[in-house]
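In: Whatever this is, show me its structure:
(2 chains)
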Amino acid sequence: MPTTRLARALATVAGLTGLMVVAGCERPTGCSGEYCGTLVIASGGEPDILLPPVSEFAITRDVTDQLFLKLADLGLSGNTIGDEDFQPQLAERWEWDAPTTLVFHLDPRARWQDGHAVTSADVAFTYDAYTDSLVNSSARSTLRHIAAVTTRDSLTVVFRFRQRYPEMFYDAVYQMRILPAHLLREVPRNQWRSAAFGRAPVGDGPYRFVAWKAGESIELAADSTFFLGRPHLRRVIWRFTPDQFVAVTQLIAGDADAVEVLVTPDNVQRARADTELATYPYKGSQYGYVGFNLAAPGDTTKPHPLFGDRDLRRALVMATDRERLLRNVLGEFAKVPPGPLSQLWWIWDPEIRELPYDSGQAARLLTRTGWTDSDGDGIRDKDGRPLAFRLLLPTTSAIRRQYARLLQEQFRIAGVDVQLDEVDFSLYNERARAGRFDALLNTWNTDATPSSGFPQTWTPAGFGRSNYGHYDNPDVDRLVDRAVASAANRDQARRAWRAAVETLNRDAPGIFLYATSNVAAIHKRVVDVTIRPDSWLALLRTWRIPADRLTDRDRVER
Amino acid sequence: MAAWLVRRLVASIAIVFAVVTITFFVVRLAHGTPCGPAGERPLPPDVCERQRVQFGYDQPLLVQYGKYLVALRHGELGESFGLHRPVADALADAIPNTFTLALAALLVDFALGLALGIYQAVRAGRFGDVAVGNVALLVNSMPVFWLGLVLLLVFAQWLRWFPAGGIHNPILCPRLLSPYCLLDFLWHLVLPALTLGLVGAAGTARYQRAAMLEVIRQEYVRTARAKGLRERRVLLVHALRNALLPIITLFGLAFPFLFTGAVLIETVFAWPGMGRLAVNAIFQRDYPVVTGAAVLTTTMVVLGNLIADVLYAVVDPRIRVQRGGRGGGGGSV
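Out: Numbers count the residues shown, from 1 in each chain, chains lettered A, B, ... in the order given. Take a look at the predicted model:
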């Protein structure tokens, strides 16, 4: 009897093992040729809704950019000034009727995936929706210079601007993904945030929506009739993986084909060690800095007792060895920025003048301004008050936490006592916005152009918004205004930007620590990979998996 | 017994109500604003303010609480502003996943824990007992997320025996429709359930060893042996039933552990359950989701404890008698 039971148990185990093996293998497959590839992207985030005006997530943009077209899109050069570097999408051509009147001619081949033609009414509807306070799109402010969008005929749409400025074309095309009026007109605008359309959208892009399993995956399928050319990859699937380490593990284990950003040097090392993977470095859109609060915490009418002093700020900048910090934390995956700049911006210029690292000069400046170590405790003081401040940072950022500790040590050597205020992200935002901090370790994810982000962060236009430190220099404002509003061409704009950043650097409202470089990892069987830094999947339609490199996963039919 | 059960039920409802109330106020009184995705750029203040008004967060807290209770009475958990969908829908997607994971982990926990505990008790003081005890102590000391990462590295990345997270193969099984996909689901379940179950099993084994040791030294066990019963029957039939009593208490206590453990494990294994949902909601100050998740988790934990109490009474008639004798006094076991 025991022998029989043992045999039965062994048979059960063998059966289960067999089933596991079956489950582990993939089923027989069908598709062959050039248009069979399946790309699985391991993604750290999940979209909230697939309706572009009401979402703030970068991952939403990645997905919806495959579903909805813009009128035109940014070229690989990243030049946001004028219209010469933009590529046609929904608009096959455009012209300027007057200095402030832009006319787009839609491609007559464009179709919504339910068969309706894309018309100028869709464009006018989209503009109306993006600027409607009920929809509450954060892109609304970037469209403020557009006075009206009207239709001339079913394929011609006219944009009228309030004034002439260098990035008119960019503002007209970059933020808005054109939406199907016939499907959204009946949805009350204040209910767009929970509209059913946002969970099963109908677009006009190279891919159509297939399925969204909350918390798991989103699947898109290529539209083989797409008027700008059939996409080579027939399926794109995003797998949502909350942890970056796990996302990279999925990639290495062969459960995914691509990861957008490897984030940490460790992950890059892991990906590079895998011979099946290729890494693609590209310019990052993020910069990080220590921002000084120039106003008294909680009372913006008074200067900060420490950082209201320009010389003290300059001394702290010069006391910081930013190159060394960078080497220790981010290594080759970032650069020390020459000001509050991301590498993505076309105004990035290593020649921009900034305060040097010079601990000797920093010490002399501190002594000259009365900060000396009178009691020999290693911390400088003045009038009985130690040179001490608190540095606010969010607990969610491992990189900033590393930076904070290293900064604390560098400042200690300079005779400055820094205490860290590590709080959760939501509280961090609340305190930053309310000005309740001495200094903060902040990062910004920037748009493709400095024209909106820079003024919001470093001029009075950003008071109560993103200018957390209340930095205000009329010279900087004037130069930024010249660059954004009145430069006649790219060179003039570049000169004005450079002068603005150099003036700001002299004031030292912050210590600009790092500007990230991104590294994507993609399986080597995917070829013709081109990454546009402002939107890594912008050219996904041209990526392909050659017929001889297809796997069962690519060929499988469901 | 019936009166006792009714009292326990009323107490359970009161506990759920108290937790809902506390969660409602704590999450709203916590610093931070319900405004925009965590980790990405914050929403512009005007957009944020309009969102607050749209969702009624500009109203006094007591008014919000009153409205929430009224809605809850009708089974409505509100609308998530982070997920742009009804909270009930989001939870309905997540609950089966968490529940499956918790049940599978519970199975590993108790099956393995009981077996090891019995083995240790039978070989008390010998090499097998000491070795198993030390390994169990080691596993029990490991942070659950760390163990998860180790298993992921070894079995998913290096050996490639199991998938590296997720709930199913997104290409072949977008929906669980076929037996193949059910197996695929189970295949994905192995590592997270094992991680969560192993840590629990290590603790369960220690309890079971102690309980078993106490029982097998008692007179009636000796009598059973003296009657000539086989050792296996003595242990598994006579001794085990009494040694199970403390384990049933442990069963009730395991529910909170499983749900808190699931929060971490769901993140490590990209398992789309309630833990992951709640963590994201907390970071975003997505009040309705946090409160909704608290309502459900508390209900399940309270129910788990209630079931444990009832089981305890079923297994040990003395408890039933005592409770009946005292007029159904229903303290927690």
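In: how about the helices in chain B?
Out: B:2-29, B:45-54, B:61-73, B:87-122, B:127-141, B:144-151, B:179-216, B:219-226, B:231-233, B:240-243, B:245-268, B:274-284, B:287-315, B:317-325 (DSSP state H).
In: The host helix or strand of residue A:234 - contacts with which helices or strands?
Out: Residue A:234 is part of strand A:233-240 when elements are defined by DSSP states H and E. Using 3 or more CB pairs under 8 Å, 6 or more residues apart in numbering or on different chains; DSSP states H and E as the contact test, the elements touching strand A:233-240 are strand A:37-43, helix A:58-67, strand A:217-222. Where you see a C-beta, it was placed from the backbone N, CA and C, and this is true even at glycine.
In: Please produce CSV containing those, extended by distance to chain B and mean pLDDT.
Out: Below are those laid out as CSV (distance: least, CB to the nearest CB, whole Å; pLDDT from 0 to 100):
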stretch, distance to chain B, mean pLDDT
strand A:37-43, 6, 94
helix A:58-67, 6, 94
strand A:217-222, 4, 95
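In: could these be laid out in JSON lines, adding mean neighbour count and distance to residue B:64?
Out: As requested, the helices and strands packed on strand A:233-240 are exported to JSON lines (neighbours: other CB atoms under 10 Å in any protein chain shown; distance: least, CB to CB, whole Å):
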{"stretch": "strand A:37-43", "mean neighbour count": "25", "distance to residue B:64": "34"}
{"stretch": "helix A:58-67", "mean neighbour count": "22", "distance to residue B:64": "28"}
{"stretch": "strand A:217-222", "mean neighbour count": "22", "distance to residue B:64": "33"}
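In: export those to a markdown table and tack on distance to residue B:220?
Out: Converted to a markdown table, those look like this (distance: least, CB to CB, whole Å):
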| stretch | distance to residue B:220 |
| --- | --- |
| strand A:37-43 | 59 |
| helix A:58-67 | 64 |
| strand A:217-222 | 57 |
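In: out of those, which comes closest to residue A:456?
Out: helix A:58-67 (18.0 Å; CB to CB).
In: can you redo the helices of chain B as CSV with mean neighbour count and distance to residue A:398?
Out: Below are the helices of chain B laid out as CSV (neighbours: other CB under 10 Å; distance: least, CB to CB, whole Å):
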stretch, mean neighbour count, distance to residue A:398
helix B:2-29, 15, 25
helix B:45-54, 16, 26
helix B:61-73, 13, 35
helix B:87-122, 20, 27
helix B:127-141, 14, 24
helix B:144-151, 18, 15
helix B:179-216, 21, 23
helix B:219-226, 13, 56
helix B:231-233, 10, 54
helix B:240-243, 18, 46
helix B:245-268, 21, 15
helix B:274-284, 24, 15
helix B:287-315, 21, 24
helix B:317-325, 13, 51
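In: average model confidence for the helix or strand following the strand holding residue A:234?
Out: Counting by DSSP H and E, the next helix or strand C-terminal to strand A:233-240 is helix A:244-252. Helix A:244-252 comes out with an average pLDDT of 89.
In: which residues are contacting helix A:244-252?
Out: Around helix A:244-252, the neighbours that count as contacts under CB atoms under 8 Å, 6 or more residues apart in numbering or on different chains are A:42-44, A:239, A:241, A:256-259, A:262-264, A:267, A:270-271, A:274, A:277, A:521, A:523, B:149, B:152-153, B:156-157, B:164-166, B:268-270.
In: so where's the chain shaky on pLDDT?
Out: Using chain A. A:1-29, A:558 (pLDDT under 70).
In: other chain: chain B
Out: Those would be B:1, B:36-42, B:174-177, B:316-333, if you go by pLDDT under 70 across chain B.
In: thinking again about what came up before, in TSV: the helices of chain B, plus distance to chain A.
Out: Below are the helices of chain B laid out as TSV (distance: least, CB to the nearest CB, whole Å):
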stretch	distance to chain A
helix B:2-29	11
helix B:45-54	5
helix B:61-73	15
helix B:87-122	5
helix B:127-141	20
helix B:144-151	7
helix B:179-216	4
helix B:219-226	21
helix B:231-233	10
helix B:240-243	19
helix B:245-268	5
helix B:274-284	6
helix B:287-315	11
helix B:317-325	32
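In: Looking at those, spot the one closest to residue A:94.
Out: That would be helix B:45-54 among those, by CB to CB, at 29.6 Å.
In: Would you mind putting the CA coordinates of that closest one into CSV?
Out: Only the C-alpha atoms of helix B:45-54 are listed here, as CSV (Å, rounded to 0.1, in the frame of the first residue of the first chain):
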residue,chain,number,x,y,z
PRO,B,45,-1.5,75.0,-8.6
ASP,B,46,-4.5,76.2,-10.6
VAL,B,47,-5.1,72.8,-12.1
CYS,B,48,-4.7,71.3,-8.7
GLU,B,49,-7.1,73.7,-7.1
ARG,B,50,-9.8,73.0,-9.7
GLN,B,51,-9.3,69.3,-9.1
ARG,B,52,-9.8,69.8,-5.4
VAL,B,53,-13.1,71.6,-6.0
GLN,B,54,-14.2,69.0,-8.6
